[in-house]
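1. attaching a predicted model along with its sequence, questions to come.
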Amino acid sequence: MSFDLQPNLKGELIELRPLRREDWNDLLAVASDPLIWEQHPESDRYKQGVFKTFFEGALESGGAFVVVDAKTGDIIGSTRFHGYDPEKSEIEIGWTFLARKCWGGRYNAEMKRLMLDHAFKFVENVVFFIGENNVRSQKATEKIGAIKSGTATKVYGNRPPSPNVRYMIRKPQKKVKS
């Protein structure tokens, strides 16, 4: 069974659906808040030209989602699956951002639970790469159970490579009844 990188996933607070070109205006409106990006290695991603590069990359990735508020139908962010490696039984979750009104854990926790539940149908490990100075995202990732598992260098947009912290969550083992 091959990994479906863009399923429709639905929870109580949010829905994840594949990113479409026509989502540009709504997603740009969310992303244009400079505070979302202040700790990110590409801290000027709130600018339209910089975000355009991010958005085009998301469309091309084949694994990007918009995050939709289940009650209002408003787009409140984006996330994506990337780098599926069947030999390592691994996929990355990343490129995640949410409107500030959705910060504080509940929305991110549900989004990651939906994505992890889906991913663990196909892989044993999910990884996350977070800029070394992005403490807010590191804490949010630790809150969902991810464990630091090293470092890596990543390129964001047209920036020079920057150091990242690598996190991992392993697929929970099924308990065997004795």
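-> Looks like it came in fine. Numbering: from 1, shown residues only.
2. which parts of this structure are strands?
-> When assigned using DSSP state E, the strands of the chain occupy the ranges 9-10, 14-18, 64-69, 75-85, 90-98, 125-131, 147-154, 162-170.
3. determine which of those strands approaches residue 37 most closely.
-> Taking CB to CB as the criterion, residue 37 comes closest to strand 90-98 out of the strands of the chain, the separation being 7.7 Å. All C-beta atoms are positioned from the backbone trio N, CA, C, and that covers glycine.
4. name the residues that touch the closest one?
-> Strand 90-98 has contacts (CB atoms under 8 Å, 6 or more residues apart in numbering) with 3, 30-31, 36-37, 54, 58, 64, 67, 76-85, 107-108, 111-112, 115-116, 119, 122-129, 137.
5. can you give the strand pairings for that strand, parallel or anti for each?
-> Sheet partners assigned to strand 90-98 using DSSP bridges are listed as strand 75-85 (antiparallel), strand 125-131 (parallel).
6. mind putting those into CSV with distance to residue 95, mean neighbour count and mean pLDDT?
-> Written out in CSV, the entries for the strands paired with strand 90-98 read as follows (distance: least, CB to CB, whole Å; neighbours: other CB atoms under 10 Å; pLDDT from 0 to 100):
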stretch, distance to residue 95, mean neighbour count, mean pLDDT
strand 75-85, 5, 20, 97
strand 125-131, 10, 22, 96
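7. so which of these gets nearest residue 9?
-> When these are compared for distance to residue 9 using CB to CB, the nearest one is strand 75-85, at 10.3 Å.
8. so where's this structure uncertain?
-> Using pLDDT under 70 as the threshold, the predicted model of the chain has low-confidence ranges 1, 176, 178.
9. mind doing that once more with 90?
-> Residues of the chain that meet the criterion pLDDT under 90 lie in 1-2, 41, 104-105, 154-161, 173-178.
10. next, the contact list for residue 21, please.
-> So, once contact is read as CB under 8 Å, 6+ apart, residue 21 ends up touching residue 59.
11. thinking again about what came up before, CSV for the strands paired with strand 90-98, including distance to residue 163?
-> Below are those laid out as CSV (distance: least, CB to CB, whole Å):
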stretch, distance to residue 163
strand 75-85, 18
strand 125-131, 8
